[in-house]
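K.L.:
here is my input; please provide its structure:
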Amino acid sequence: MPIAERVIGVDGRTLAEAWQGGMQALRGTSAAGFPNWMTVIGPNTGLGTSSMILMIESQLNYLADYIRQLDVLGGQVALDARPSAVGAWNRWVQERLKRTVWNTGGCTSWYLDASGRNTTIWPGTTAEFRKATRRVDLTEYEVVRAQARSTAAVETEETEETEVASA
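P.N.:
Take a look at the predicted model:
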C-alpha cells in the first residue's frame with residue numbers, strides 16, 4: 001500500500017513499518033496504533049468473485065458509523081483499534097482462509113505475501129462482510145481523548161509565536 005509510508009502512528013512508526021510482518025486491519029478498515037485512520041479496500045477485503053462495490057459500500061457504512069460514534073463521544077476524541085481486537089479479527093480471517101481455494105493445494109499466487117499469508121482476499125460472502133461491518137463495536141477500540149492543555153502551556157506558545165513573528 002503506497003500511502004503506508006506516509007501514515008505515521010502514535011509511536012512514530014509508519015504504517016509500512018507496522019505492517020512489515022504482514023498487513024492487518026480490524027474489519028479491513030482500522031489499524032492499531034493509528035487513531036482515527038481508516039481505509040477502504042484494506043487488508044483481507046478483496047474478492048475473487050462478486051463485486052467490490054458491495055465491499056466498498058459496507059466499509060463506507062462502517063466509516064459513517066465510526067464518525068457517528070465519534071460525534072456521540074463528543075469533544076476532541078479519537079478511536080484506536082485495540083491490538084487484541086485486530087489480532088482476534090485477523091486470526092478468525094486467517095482460519096477461514098485455510099479452507100479456501102486461495103490458500104489450499106500448495107498454489108502460490110499474488111494473494112499470498114512473502115511469508116505465505118493471505119492478506120488480500122476476504123474468505124466469506126459479501127453478505128457476511130456487510131453484517132460484520134454493520135456497526136462499530138466500541139469494545140474493539142480504545143477511546144483516546146485529547147489532553148487538556150494547561151493555561152501556562154498555551155501562554156508559552158503564544159509568547160513564542162509573538163517573538164517569532166516580531167523577529
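K.L.:
tell me the helix or strand right after the longest helix along the chain.
P.N.:
Across the chain, the helix with the greatest residue count (assigned by DSSP state H) is helix 52-73. Following helix 52-73 in sequence order, the next helix or strand is strand 77-81 (DSSP states H and E).
K.L.:
what packs against the next helix or strand along the chain from that following strand?
P.N.:
For strand 77-81, the succeeding helix or strand toward the C-terminus, using DSSP H and E, is helix 83-97. Helix 83-97 sits against no helix or strand, with contacts defined as 3 or more CB pairs under 8 Å, 6 or more residues apart in numbering; DSSP states H and E. Where you see a C-beta, it was placed from the backbone N, CA and C, and this is true even at glycine.
K.L.:
residues contacting helix 83-97, please?
P.N.:
Residues outside helix 83-97 that contact it (CB atoms under 8 Å, 6 or more residues apart in numbering): 24-27, 30-33, 43-44, 103, 117-118, 121-124, 139-141.
K.L.:
which strands or helices does the longest helix of the chain pack on?
P.N.:
Using 3+ CB pairs under 8 Å, 6+ apart, helix 52-73 sits against strand 77-81, helix 126-132.
K.L.:
residue 22 and residue 56, how far apart?
P.N.:
Distance of residue 22 to residue 56, given as CB to CB, to the nearest Å: 23 Å.
K.L.:
please read the previous query as pertaining to residue 89.
P.N.:
Distance from residue 89 to residue 56, by CB to CB: 19 Å.
K.L.:
how about residue 112, phi and psi?
P.N.:
phi -100, psi 140 (degrees, to the nearest 10).
K.L.:
how about it: what's its closest non-neighbour residue?
P.N.:
residue 118 (5.5 Å; CB to CB, 6 or more residues apart in numbering).
K.L.:
residues contacting residue 112?
P.N.:
Taking CB under 8 Å, 6+ apart, one finds 103, 118, 120 in contact with residue 112.
K.L.:
just checking, the first one touches residue 118?
P.N.:
Just to be clear, that refers to residue 103. Yes: with contacts counted by CB atoms under 8 Å, residue 103 reaches residue 118, the gap being 5.5 Å.
K.L.:
ok, now which ones touch the residue positioned nearest the centre of the chain?
P.N.:
Centrality entry for the chain: nearest residue to the mean C-alpha point is residue 30, 1.5 Å, by CA atoms, centre = their mean. Under the criterion of CB under 8 Å, 6+ apart, the neighbours of residue 30 are 37-38, 66, 79, 81, 86, 141.
K.L.:
brilliant, that's me finished.
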